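Engineer: build the 3D model from these lines:
(4 chains)
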Number of protein chains: 2
Amino acid sequence: MEDKPTGVALWRQVADGIERGIADGTHRSGEKLPGETEIAETYRVNRHTVRRALASLAERGFVRAERGSGTYVEAPKLTYPLRARTRFSEIVGAGGREPDGKMIEAATEPATRELAKQLGVKTGAPLVRIEALRFADKTPICIGTTWFPADRFADAAAVYQRLNSTTKLLAHYDIRDYQRLSTRITAAIVNAADAARLELALGRPILIVDSVDTDMKGTPLKVSRSRFVAERVEFVVENG
Amino acid sequence: MEDKPTGVALWRQVADGIERGIADGTHRSGEKLPGETEIAETYRVNRHTVRRALASLAERGFVRAERGSGTYVEAPKLTYPLRARTRFSEIVGAGGREPDGKMIEAATEPATRELAKQLGVKTGAPLVRIEALRFADKTPICIGTTWFPADRFADAAAVYQRLNSTTKLLAHYDIRDYQRLSTRITAAIVNAADAARLELALGRPILIVDSVDTDMKGTPLKVSRSRFVAERVEFVVENG
DNA sequence: ACTTATTTGTTCGTATGTATG
DNA sequence: ACATACATACGAACAAATAAG
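Structural biologist: Next up is the predicted model:
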């Protein structure tokens, strides 16, 4: 690799080479990269240089090293735009993947002050809480808790159980369109229960998204808190 | 606490009580709550019931328990709106806190393909990379890497060193206004170097924000990747 | 450096009410 | 009617970390 002094650090050239290989399909998602020594030979550099390159790629999320096994190409993240019109199934479908949902649990509970305020009901008013897991091509993407006012969506649990989609549930109640009022995003470490459902190792980060959706007149329909696997999604906010 | 059967679980009543105490200022940010046994006495419930309530509050981020020491009220998160006009100093100032910045490192480096595409320059073109730490009231909020095209912002490092603000730096180059083109958000675990700078324990989650800013004509000015302490910020996307 | 008290965390056991089949 | 499972609530004891002297 000491052909001509390009002014670009060697490790960076190697990293760029591997990144190009990932981009053009030479190294496909989930597959194992050649061993560090092998990469070192093909680029005619020292193994340390390769390691520096791989570290850079790992930090940017392109690959994941597993001690004693190899270095694997990470699956590309699901790009999840945050707009007024935000529908899980449409977003996953737009990425050429198959959306799916599965209800885990449902219950009717009294509203806490916080939830009551957001939904525009009285504190203690009955709410239907639905816990659901959502997939893209069989890989769990997020687990979400959604609250509906029980007076308006009395048997929401049974309906969701059948339709496995929030959009379809609302359509069942003659709500053909709705919109995102606000979205709040933070991150945390996954808890044990969610980790199992999401097929995620303990200690891994999740993105917590709190959202409020309203009908087209601005009346709150639902409030939800979703936990997304951070390594499987990327939110995008477009301005304009 | 066995006054009247309200139908609401005891632990929930206790949690609501403490939450109200936090909301109305009885328990202030950063201060220690009474011990579990003391809370149990005041509410006339078993300590287990208090623990269940505190667990609920901890999960929602209101309090943080420290073994051997006590349970503390968490500082409210800095709400960080993501709009076309996004300025760290303005956002922090709007929250009634004092923004500050500190340059850590600067260098001139050739553009990778990815960066070149985003900035509209050729691959390998020189870029100024600035590493900076940003605070709100002396608490570190984020650490960010920003790349500027070196031809247009030749001595950006020296200028930033003096002004400690991206907005002021751009103003120095006669750019009075600029806007956010896109924002991408994901999360990860903090690395050792960032953890030290951010005064954050290892293993804690961070929010990674990649953004591109342009001038009012749409010409890219800078690209940056910021790592925010997840437990200290909350991004908000307003629609409409 | 050591002790002691305080505080959260964990693990037993017991009992009750409620929903399910 | 009965068995089972589950969430709730209380009691007691001990472990582990921290703070104070």
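Engineer: isn't there a strand covering A:E105?
Structural biologist: Yes - under DSSP: H, G, I helix; E, B strand; the rest coil, A:E105 sits within a strand.
Engineer: tally of neighbours for the nearest residue to A:I104 once chain neighbours are set aside?
Structural biologist: Closest residue to A:I104 apart from its sequence neighbours, by Cβ to Cβ, 6 or more residues apart in numbering or on different chains: A:E131 at 4.4 Å. Just so you know, the C-beta spots here come from the backbone N, C-alpha and C atoms, and that holds for glycine as well. Counted by other Cβ atoms under 10 Å in any protein chain shown, the residues lying close to A:E131 total 16.
Engineer: which SSE is immediately downstream of the helix or strand harbouring A:E131?
Structural biologist: Using DSSP states H and E, A:E131 falls within strand A:126-136. As assigned by DSSP H and E, the chain's next helix or strand after strand A:126-136 is strand A:139-149.
Engineer: packing partners for the least confident helix or strand in chain A by mean pLDDT?
Structural biologist: The weakest-scoring helix or strand in chain A, judged by mean pLDDT, DSSP states H and E, is helix A:192-198 (a mean of 83). The elements that helix A:192-198 packs onto, with contact taken as 3 or more Cβ pairs under 8 Å, 6 or more residues apart in numbering or on different chains; DSSP states H and E, are strand A:139-149, strand A:220-229.
Engineer: pretty sure the residue nearest to A:I104 contacts A:M103?
Structural biologist: Yes - with contacts counted by Cβ atoms under 8 Å, A:E131 reaches A:M103, the gap being 7.3 Å.
Engineer: where does chain A dip in pLDDT?
Structural biologist: Along chain A, the model assigns pLDDT under 70 to residues A:1-7, A:240.
Engineer: so whichever residue of chain A sits closest to DNA strand C bridges to which residues?
Structural biologist: Of all residues in chain A, A:A107 sits closest to DNA strand C, with a separation of 9.5 Å (Cβ to the nearest atom of the strand). Going by DSSP bridges, A:A107 is paired in beta bridges with A:R129.
Engineer: can you pull the contacts of it?
Structural biologist: A:V128, A:R129, A:A157 (Cβ atoms under 8 Å, 6 or more residues apart in numbering or on different chains).
Engineer: show me the helices in chain A, by range?
Structural biologist: Assigned by DSSP state H, the helices in chain A fall at A:10-23, A:36-43, A:47-59, A:88-94, A:113-119, A:156-163, A:166-172, A:192-198.
Engineer: check which residues of the longest one are buried.
Structural biologist: For helix A:10-23, a neighbour-count test (16 or more other Cβ atoms under 10 Å in any protein chain shown) marks A:L10, A:W11, A:R12, A:Q13, A:V14, A:A15, A:D16, A:I18, A:E19, A:I22 as buried.
Engineer: wait, the last one sits on A:L54?
Structural biologist: No - applying Cβ under 8 Å as the test, A:I22 and A:L54 come out as separate, 12.0 Å apart.
Engineer: quick check: neighbours shared by those two?
Structural biologist: A:V63.
Engineer: look up how far A:R85 lies from A:G218.
Structural biologist: 15 Å (Cβ to Cβ, to the nearest Å).
Engineer: again with A:A171
Structural biologist: Using Cβ to Cβ, A:A171 is found at 14 Å from A:R85.
Engineer: neighbour count: those two, which is higher?
Structural biologist: Higher neighbour count among A:A171 and A:R85: A:A171, with 15 against 12, using other Cβ under 10 Å.
Engineer: dump the residue contacts of the more buried one.
Structural biologist: So A:A171 contacts nothing (Cβ under 8 Å, 6+ apart).
Engineer: these two touch, right, A:S224 and A:W147?
Structural biologist: Yes - between A:S224 and A:W147 there is a contact under Cβ under 8 Å: 7.0 Å.
Engineer: show me which of those two is the more surrounded one.
Structural biologist: A:W147 (23 against 18).
Engineer: show me chain A divided up by domain.
Structural biologist: Domains of chain A are assigned by automatic domain parsing as A:10-73, A:78-237.
Engineer: winner for burial among these?
Structural biologist: A comparison of these by mean neighbour count, using mean count of other Cβ atoms under 10 Å in any protein chain shown, puts domain A:78-237 on top with a mean of 18.
Engineer: near DNA strand D at all, that domain?
Structural biologist: No - Domain A:78-237 lies out of reach of DNA strand D by Cβ under 7 Å from any atom of the strand, never closer than 9.0 Å.
Engineer: can you pull the contacts of A:M216?
Structural biologist: By Cβ under 8 Å, 6+ apart, the residues touching A:M216 are A:D177, A:Y178, A:Q179.
Engineer: what's the answer for A:A201, then?
Structural biologist: A:A201 touches A:A195, counting by Cβ under 8 Å, 6+ apart.
Engineer: measure it to B:G7 for me?
Structural biologist: 39 Å.
Engineer: what do you get for A:A150?
Structural biologist: A:A150 is 14 Å from B:G7, by Cβ to Cβ.
Engineer: then A:L115?
Structural biologist: From A:L115 over to B:G7 (counting by Cβ to Cβ), the distance is 17 Å.
Engineer: do the same with A:A84
Structural biologist: 38 Å.
Engineer: isn't A:H172 right up against A:V159?
Structural biologist: Yes - A:H172 lies in contact with A:V159 (Cβ under 8 Å); the separation is 5.3 Å.
Engineer: ok, the residue nearest to A:T123 when sequence neighbours are not counted - contacts?
Structural biologist: Excluding its sequence neighbours, the residue lying closest to A:T123 (Cβ to Cβ, 6+ apart) is A:A116, at 4.4 Å. By Cβ under 8 Å, 6+ apart, the contact list for A:A116 reads A:K122, A:T123, A:G124, A:A125.
Engineer: for these, which one is nearest chain B?
Structural biologist: Checking the contacts of A:A116 against chain B with Cβ to the nearest Cβ, the nearest one is A:G124 at 7.6 Å.
Engineer: list the residues that contact the closest one.
Structural biologist: A:P110, A:A111, A:A116, B:V8.
Engineer: just those: which are in strands?
Structural biologist: Among these, DSSP state E puts A:P110 in strands.
Engineer: now the two most distant members of the contacts of A:G124.
Structural biologist: A:A116 and B:V8 (13.3 Å; Cβ to Cβ).
Engineer: stretch A:23-41 close to chain B?
Structural biologist: No - using Cβ under 8 Å from any Cβ of the partner chain, stretch A:23-41 never reaches chain B; the gap is at least 8.6 Å.
Engineer: start to end distance for that stretch?
Structural biologist: One end of stretch A:23-41 to the other measures 22 Å (Cα to Cα, to the nearest Å).
Engineer: can you tell me what sits against that stretch?
Structural biologist: A:14, A:18, A:20-21, A:42, A:46-47, A:49-51, A:54, A:63, A:69-76.
Engineer: from those, which are also near chain B?
Structural biologist: A:R20.
Engineer: ok, what's across the strand from the closest residue to A:L198 other than its chain neighbours?
Structural biologist: With sequence-adjacent residues excluded and distances taken as Cβ to Cβ, 6+ apart, A:L198 is closest to A:P140, at 4.5 Å. Beta-bridge partners recorded for A:P140 (DSSP bridges): A:F135.
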